[in-house]
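Colleague: got a predicted structure here, sequence first:
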Amino acid sequence: MYKACIVAKGFRQEYGVDFDEVFSPVVKMTTLRFLLGVVALEDLELLQLDVKTAFLHGDLDEEIYMEQPQGFASPGREHLVCRLCKSLYSLKQAPRQWYRTFDEFVQSLGFLRSDEDHCLYSKDAPDGSPIYLILYVDDMLLSDRHTGEFAEL
């Protein structure tokens with residue numbers, strides 16, 4: 001089985017022209033230690049998740065064009081370019097756009113973002129027990145007293 005991935009030439013991007021800000025959501029090590037300690041102390045369940053194609057979910061704020069992928073152009077249209085509406089892997093702003101999309105979605109589920117670490121979210125389960133969510137780029141840790149609560153998210 002063969003797999004393919006369209007990747008932009010992010011190394012050719014120029015600050016102030018193709019992007020203005022970069023950010024990659026990485027949880028602080030002290031926050032991770034805190035969560036693992038709480039999980040052990042309170043006997044919580046812990047679930048690890050990986051978001052496939054995470055960087056493809058962010059909307060772009062800038063106008064970015066790329067050459068057509070090899071084999072994509074129709075005869076007589078080889079000179080055309082593609083305007084990107086969504087981010088692609090290797091774009092400098094892809095992790096930041098993913099985080100903005102993720103943050104908005106998670107907060108819409110009722111999670112509160114920590115002021116100390118923007119990669120830590122929490123909310124109360126219906127039974128009053130805490131649910132914690134930690135983000136590390138495109139990986140997540142979810143902790144809860146009962147794994148059944150995860151299905152309701």
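Modeller: Looks like it arrived, so ask away.
Colleague: so residue 32, which state does it fall into?
Modeller: helix (DSSP: H, G, I helix; E, B strand; the rest coil).
Colleague: got a pLDDT number for it?
Modeller: Per-residue confidence (pLDDT) for residue 32: 95.
Colleague: find the nearest non-adjacent residue to it, please.
Modeller: residue 134 (6.5 Å; Cβ to Cβ, 6 or more residues apart in numbering). All C-beta atoms are positioned from the backbone trio N, CA, C, and that covers glycine.
Colleague: can you get me a residue count around the one you found?
Modeller: 24 (other Cβ atoms under 10 Å).
Colleague: surely it forms part of a strand?
Modeller: Yes. Assessed with three-state DSSP, residue 134 lies in a strand.
Colleague: that one touches residue 35, doesn't it?
Modeller: Yes. Residue 134 is within contact range of residue 35, at 5.7 Å (criterion: Cβ atoms under 8 Å).
Colleague: shared neighbours of the two, anything?
Modeller: Any residue near both residue 134 and residue 35 by Cβ atoms under 8 Å, 6 or more residues apart in numbering counts here, and that gives 120, 141.
Colleague: select the longest strand from this structure.
Modeller: strand 59-67 (DSSP state E).
Colleague: buried sites along that strand?
Modeller: By neighbour count on 16 or more other Cβ atoms under 10 Å, the buried set for strand 59-67 is 60, 64, 66.
Colleague: which residues touch the first one?
Modeller: Contacts for residue 60 (Cβ under 8 Å, 6+ apart) come out as 84-87, 91, 93, 97.
Colleague: where does this structure dip in pLDDT?
Modeller: When residues are selected by pLDDT under 70, those of the chain lie in 9-13, 17-19, 147-153.
Colleague: redo that, cut-off 50
Modeller: In the prediction, the chain carries no residues with pLDDT under 50.
Colleague: residue most distant from the centroid, it?
Modeller: Taking Cα atoms, centre = their mean, the residue of the chain most remote from its mean C-alpha position is residue 76, at 38.0 Å.
Colleague: can I take it that that residue is in a strand?
Modeller: No. Assignment of residue 76 by three-state DSSP gives coil, placing it outside any strand.
Colleague: gap between the residue lying closest to residue 116 once chain neighbours are set aside and residue 137?
Modeller: Closest residue to residue 116 apart from its sequence neighbours, by Cβ to Cβ, 6+ apart: residue 31 at 7.5 Å. From residue 31 across to residue 137, the span is 14 Å (Cβ to Cβ, to the nearest Å).
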